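**Q** need a 3D model of the sequence below.
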Amino acid sequence: MSNDELLKCVKDAIELLDNYKAYGPMVEEGIAAFKRINECVIEPTTETTDEAKKLIAEMERQIGPYRSMVPQVSIALDKLQEWSKEN
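**A** Next comes the predicted model:
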């Protein structure tokens, strides 16, 4: 997967989550994490890649019970997991 495709997928997930802001701070935290991961993908260094991997792992943990409710976010996280394994 190209970085452009990955960034588009993350952007779509952010837009979807934006609709759920009223559901609590976890959604806001997810949006902030996706935005930071996006920055890390755009300018990958050893430090930013490590930071992105930690954020992805934490988001995976938090989304667990909600995965089926936000498939677009789940897809983005799956693709980010692939990216993190490659980098």
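
**Q** just checking, E28 touches D18?
**A** No - using CB atoms under 8 Å, E28 is not in contact with D18; the gap is 9.7 Å. Heads up, the C-betas are built off the backbone N, CA and C, glycines and all.

**Q** neighbour count winner among those two?
**A** When E28 and D18 are compared for neighbours, E28 comes out ahead with 14 against 11, by other CB atoms under 10 Å.

**Q** and the more buried one, helix, strand or coil?
**A** helix (DSSP: H, G, I helix; E, B strand; the rest coil).

**Q** give me the distance between it and R36.
**A** Distance of E28 to R36, computed by CB to CB, to the nearest Å: 13 Å.

**Q** and for Q81?
**A** For Q81, the distance to R36 - CB to CB - is 16 Å.

**Q** can you get me a residue count around S84?
**A** 19.

**Q** ok, and the closest non-adjacent residue to it?
**A** K53 (4.6 Å; CB to CB, 6 or more residues apart in numbering).

**Q** which element is that neighbour on?
**A** Assigned by DSSP states H and E, K53 falls within helix 46-63.

**Q** after that helix comes which helix or strand?
**A** Next along from helix 46-63, by DSSP H and E: helix 71-86.

**Q** next, the residue nearest the centre of the chain: secondary structure please.
**A** What sits nearest the mean C-alpha location of the chain, by CA atoms, centre = their mean, is F34, with 4.1 Å. When classified by three-state DSSP, F34 comes out as helix.
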